[in-house]
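A.B. asks: Could you work out the structure for the sequence below:
(chains A, B, C, D and E)
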Amino acid sequence: MIAEKLIAKMTRKKVFPRGIHPNDSKSATCEQPITPLAWPAEVTIPLQQHIGAPASPMVTPRQDVKKGEQIAAAGGFVSAPVHSGVGGKVGPLTTCLVPTGKRVPAVSIKTQSVPSEEQLQAELEEYLSPAGEVRPIGELSPETIIESAQNAGLVGMGGATFPTHVKLKIGPNKTIDTIVINGSECEPFLTADDRLMQQAPSLVVRGLELAMRATGASRGVIAIEDNKRKAIESMRQAVAGKSNLEVAVCMTKYPMGGERQLLPAVLGRVIPTGGLPLDVGVVVLNVATSISLAHAVDRGRPVTHRVLTVTGAVNRPGNFFVPIGTPISWVIEQAGGLRKDAAMVLMGGPMMGVTMPDLSIPVIKGTSGITVLSRSEVRKMDQTACIKCGRCVENCPLKLSPTRIAHAVKMGDLELAESFNLMACCECGCCSYVCPARMPLVQYLKSGKAAVLRKRAAAKAASTK
Amino acid sequence: MLMNVSNILGLSVLVGGPVILVGLGLLLAVGLSIAMIKLRVEQDPRIEQVEAALPGANCGGCGYAGCAAFAKAVVEGKAPVTGCTAGGEGIGQAIAKIMGIKFEVQVKTRPVIHCAAFEHQRKGKKPYHGVQQCSEANLVAGVQGCTYGCLGFGDCVASCKFGALHMDRGLPEFDYSKCTSCGACVKACPRGLIEMIPFTQEAMLVVGCSNRDPARVVREVCEVGCLGCGACAKKSDVFNVDQNLASIDYNKFDTLESLRSACEKCPAGALVVFGREKRIPVKDVYAKTQSDTQAEAQSEPVNS
Amino acid sequence: MNSNVSHDKGQEFSDARTQKIHENAKVLEKIAEASQPEWIVEPGPHLSDKSTTRRLMIDVIVALIPAMAVAVWVFGFNAIRLTGLCLVSCLATEYLFNLIRKRPGTLGDFSAVVTAIILAFSLPPTLPNFAVILGSVAAIAIGKMIFGGLGQNIFNPAMVGRAFLMTAFPVLMTTWVAPVDWKVDSSAPAAVAGENVDAVSQATPLTMLKPGSADRKLPVLRELIIGRTSGSLGETSVVALLLGAVYLLARRTITWHIPLGMLGSAVIFAGIAYMAAPGKFVNPMFHLGAGAMIFGAFYIATDLVSSPLSRKGQLIYGVGCGVLTMVIRQFGTYPEGVMFSILMMNGLAPLITRYTISKPLGGNVRA
Amino acid sequence: MSKSNLVSQFTNGLWAENPSLVMLIGMCPTLAITNSVANALTMGMATMFVLVCSNLVISLIRSQLQAHLRILVYMLIVATFVTVADYMLQAYLFTMSQSLGPYVPLIIVNCVILARAEICAAKKGPVTSFVDGLGVGLGFTFSLTLLGVIRELFGSRSILNYQILPDSFEPWVVMVLPSGAFLTLGLVIGLVNYLRSRKRVEA
Amino acid sequence: MTSDLIFVFITAAIINNFIFKYFLGICPFLGVSKRTDMAMGMGFAVTFVMTVAGVLTWIIYHMILVPMNIQFLQYITFILVIAGTVQLVEMYVRKFFPNLYESFGIFLPMITTNCAILGACLFIQKFEYNLIQAAVFSLGGGLGFAMAITIMAGIREELNFSDVPRYFKGPAITLISAAILAMAFSGFLIKR
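C.D. replies: Next comes the predicted model:
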């Protein structure tokens, strides 16, 4: 650990203490340019792809919708509208499973007038290139930017899916001095952000500047892990000559992309437990979110597509430009289909990704990739008793003691677990990764957190009664 | 420590011993008595009495940290005299007597589960690698198709301190003879399927489903799930259908027999009866009573 | 791509606890055959590194091979007799315990093997068979299984076994022999048979330090390093033990915190005493090489289960072991104190863990 | 007070509420002087004597007890009888009294006696209290002797100084040491728990 | 003189630890060792009472009983002094320091019957210590007790996570842990 600090100092790279070094496995897709995905026969667009209230549908069955048309209105301030990425006929209102394990209402659309390959390619090129004529940053008011983001249904596209306009709307007592674009992409296997930074650097910068304008921040930082050399290079060129912007090179380490690790590493600011980046004057945006913000403001383009990586046990791994609502099975089909030894399909990367019980689940705004693990890669469950080796403690990037908390949760002693700071856990999975006893530590911690929240809700309900 | 024998005969022993002893005893007795008066800390004597009346299981069913804490809360008026669910009516009466409150007889509430699908009736189960507990599996998408129904790992069984629960084909079965209505199982279920309902009858009708999805989706994931068709509600106002799910208003609930026509309309089989030896689908109950009456009708002439 | 996924191909599933995995493995087979795949669902993370409990235990066993070789060279057949007896009785005890408690067998994790070898290495070479068996039973039964088995014991099982023997048979446990002289009587059956018929009794280097010791002819440091001195079976050779220790450190099975804390504090303690009164106390390097100091620091105190969780706690724990050992060696009536100090610190480990648990990054959750 | 009640009061102390094995009170003598059977027996008898006498006296004066002074009064009565017992031991069994050392006066603070005074003697009549004292005292003596037998047998090959095990049996010195006392008691309590749970299942 | 006092202290605290050597105070050792904070409270309460009682009884023994030649009353007077002191201290603390009472005073009534206190007083007279030695001895003994019970509480908190056989849960496993700790303590035999 000390050696790592020294190396970081010498190479001027940013690093946070603890954490793990899984094999990044990015070589399969990091050289694959983004390609557009053909429309599927039917898309299912969930109406709750974000944290907050579900959106309410604005379309009726059998209605025709155009590409980019709004199909659901936000259900509140902490919510986001939903738009269609394809044109077609609305099917019956239905529900569909989303990665959290819940069923949410959804709109299914049968695609019509499917575009040709050239049209798709043209659309992608438009997506990757800056708008021709843009209003200078100074002419845009923060309110306009936030409103555009809100109307476009912009949410955090790194996976957290928190509505972006809420994030950018700063309360009266808070000040933001820095915007950090999180391009670290620490999850193994995923390369979508890497490709976006290589292929659309100017859009990333434009999004960053817009976010700075919206929040009044004076400094912009683009944080990239050092295993993405080309992305670092292209971003450096994009910020050249802009004194208030910089590219911060981070050491490759999991979970560099977590806000609680990224900010100490890049800015040396520690987010207080239970707090947000806001509390230390920072807003963190994902690369894809930044690009979408630029599109939302400059073109008025809603979030209807996203770039994601399809990798692992598929025949043609790559990075794809996918309309939201496309079923995973279609995406995998377009990536050459599954290899024979595929055993597990993940939405997201292998560390924090979620297993998919069936492949009809649609791609949502927060889907950064689809990873298919082969039979030999599936983690074995040869669990033994905890031998108190302390590796989870040593590697926890939040300095928790996962084994203690997990034991307390196992015993059903939530108060004890809370006294060990159960609620501070960010579920990054470092503890489970290193555990020689193969304890499903993260799962215990997650269920403990869920139980505590349940208990609190019950207590609140009882007190109001 | 050894005594010299000659000392025993000494004068100081005969006189000094008793004097010292009596003096010391008196001093302490007086001191303590004064202290008793001067340093008295008032405590309601009823707290001790209430605590003595409680079962002392410290089960926490009342929501307080053990019996002593509950006793204090009762005396302070923060907890109801009937708050001890594990002790039952007898204790409630005893506490009420101590507190000088008139005791109102309450209907016994018992836990029931709003899921009636045995393991083989649930569809879309996937091979699940992970901790074999409901609370853990609930956080993983797609352990089974139904996102509302019982997961069947038995967290509720593990939470019961009285051995009143066991798993039967993936569903918990309640043994009301052992159940103390402490409500631990209600808290244990991560999906909130278990509810305490008032048992005005020996056997109660329960909607054995919690799925609020449209009928099409319910059919996809379950063989017996409530479709929200509203057939029952059309027949009887005891039933309500809201968000694709039927519910029963127990204030209006009368007898099983009175709901017969409504229950027989149910196309799904999600209505079940609790309170008999085990959970029985309501249709079987009616079929049985019918055959019983038929059998009786047939046997009667022979007997007479 | 496969390199970062834990998967021991040659691994046999022996115990019942992994039966579930067996089934899952079968399901996986079916998946490959079936056209409609049954996707596995599980909580994240879906990758893990290569270390397993069994691997950690096997690492310790491998690290002890050089010491075993030296033990055979120095003490002859006794080395094999003690190790074999300990192995058989430890494994049998653990097996029986699991049988009685109706728990799945746990021999597959190799922890009982490690306990057996460490116990054997800490016994005097001529200890009679019945005592060896009794010590092994005490180690596994009282030291480990009665606390619930692997990972749940408070004290190091091997040290519990040895402490039991030490208090039960103080005379037998302090009867030492000189190394076997292979040149003279390698052909003689007595030496091969091993029982203390012909064995020459000789005080250990540490016993010689105690007042009233008959022959105060302290061995030179070179002898201590190679290990041809009298003493417990596996503790004599510094070089063999260090060889294994380097392996353990390189494999990251142990970390440097406990050994450094223990050896460092012992050297400083002995050094201060030596500088204060060089006539009364001996050179600190002698204390480092003599007795079970190295063995204890790298193999016993570093026992993962009975040491504190946090690294800071481990450092404190190591320092405690070192200081207590030197207190016993220099002021106590016993010549050696490694076992007592480690047991004592095992008892303190839960408290150390409790008070050295790190605050989360960003401070405690505000109530 | 019926006869069967008295019998149950008596047997209660012997097994179901055995002070040192079940109630886990009066542990100091249970651990300290059970290294030989003779010590254990003497200690058990002495404790029984004090227990019976104090139970009787406290029961007789129970109506006069003041709540805040009662502990003091118990102490006074118990200490008196302990002094008597101590001097009796010194007079008749001098070596034994030497080997028991300060553990005889420590009977004063043996929780068994105070517990019985509080639970039984202060609430019930003299006959019941007497029988209770006898039962609990015998139960205490029994458990002490049981431990004494185990510890002396393994620790010095003998019972009541009469050698049982052959010379080839190496005595386990640990059994007569403090750690042996803790260990034996721990294992015996585990065994008693097991026996009691089996009995409960059968019942 | 100082080294002599240090020796008295270390003997009382570690070598002849009240719990692991003399078995004094086993009842609270088993009863109040479930949680570390409770154990510490009990330990310090015992230390406090033991020091006060040790000094008081020394004074009574040497100033009253010996001159009047009525040593046979020592048990009665000692226990009366201890019981009275404890009860007074308890009432006082309860009245004037309710917070302190919550964390430490609740153990005071149990201390009356803690044999460690009476044992310490008896040992002081048996070893024929002078007043200062008596004070140091009782302080050392009390701290030794506090240390033992706190260590045991740490172990028992850890054992909460363990799958101890049903019949050995609670006191049995505590006693077995104490046995192993007693073995460890036996290593600290220090000749003067």
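A.B. asks: Just the closest residue of chain E to chain C, please.
C.D. replies: residue E:187 (2.6 Å; Cβ to the nearest Cβ). Where you see a C-beta, it was placed from the backbone N, CA and C, and this is true even at glycine.
A.B. asks: Go ahead and confirm that residue touches residue C:337.
C.D. replies: Yes: contact criterion Cβ atoms under 8 Å: residue E:187 and residue C:337 qualify, at 5.9 Å.
A.B. asks: Give me the common contacts of those two.
C.D. replies: residue C:328 (Cβ atoms under 8 Å, 6 or more residues apart in numbering or on different chains).
A.B. asks: part of a strand, is residue A:283?
C.D. replies: Yes: with DSSP: H, G, I helix; E, B strand; the rest coil as the criterion, residue A:283 is located in a strand.
A.B. asks: How many residues are close by it?
C.D. replies: For residue A:283, the number of neighbouring residues by other Cβ atoms under 10 Å in any protein chain shown comes to 23.
A.B. asks: Enumerate the beta-bridge partners assigned to it.
C.D. replies: residue A:179 (DSSP bridges).
A.B. asks: contacting residues for it?
C.D. replies: A:167-168, A:176, A:178-180, A:211, A:215, A:217, A:277.
A.B. asks: Among the residues you listed, which one sits closest to chain D?
C.D. replies: Closest to chain D, out of all of those and judged by Cβ to the nearest Cβ, is residue A:277, at 54.1 Å.
A.B. asks: Tell me the confidence at the closest one?
C.D. replies: Here the pLDDT value assigned to residue A:277 is 89.
A.B. asks: Got the phi and psi for it?
C.D. replies: Residue A:277 adopts backbone torsions of phi -60, psi -30, taken as degrees, to the nearest 10.
A.B. asks: which residues does it contact?
C.D. replies: Counted by Cβ under 8 Å, 6+ apart, residue A:277 has contacts A:180, A:259, A:263, A:271, A:283-284.
A.B. asks: and if you look at residue C:91?
C.D. replies: Contacts of residue C:91 by Cβ under 8 Å, 6+ apart are C:107, C:112-113, C:116.
A.B. asks: Next, the closest residue to chain D within the stretch 201-350 of chain C: secondary structure please.
C.D. replies: Among the residues of the stretch 201-350 of chain C, residue C:343 lies closest to chain D, at 10.7 Å counting by Cβ to the nearest Cβ. Here residue C:343 is helix, with the state taken from three-state DSSP.
A.B. asks: Against residue E:151, how distant is it?
C.D. replies: Distance of residue C:343 to residue E:151, computed by Cβ to Cβ, to the nearest Å: 12 Å.
A.B. asks: quick one on the thing from earlier: out of the contacts of residue A:283, the closest to chain C would be?
C.D. replies: For those, the nearest to chain C is residue A:277 (11.4 Å; Cβ to the nearest Cβ).
A.B. asks: Skip the chain neighbours and tell me the closest residue to residue D:100.
C.D. replies: Leaving aside its chain neighbours, residue D:100 sits nearest to residue D:33 (5.8 Å; criterion: Cβ to Cβ, 6 or more residues apart in numbering or on different chains).
A.B. asks: mind pulling up the phi and psi values for the one you found?
C.D. replies: phi -120, psi 20.
A.B. asks: Could you list the domains of the chain?
C.D. replies: Picked chain A for this. Following automatic domain parsing, one finds the domains of chain A at A:16-37+A:117-379, A:391-463.
A.B. asks: should've been chain B
C.D. replies: Under the assignment automatic domain parsing, the domains of chain B span B:45-99, B:109-291.
A.B. asks: Take the ones you listed and lay them out in CSV including mean neighbour count, distance to chain D and mean pLDDT.
C.D. replies: Output for the domains of chain B, formatted as CSV (neighbours: other Cβ atoms under 10 Å in any protein chain shown; distance: least, Cβ to the nearest Cβ, whole Å; pLDDT from 0 to 100):
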stretch, mean neighbour count, distance to chain D, mean pLDDT
domain B:45-99, 18, 12, 69
domain B:109-291, 19, 13, 84
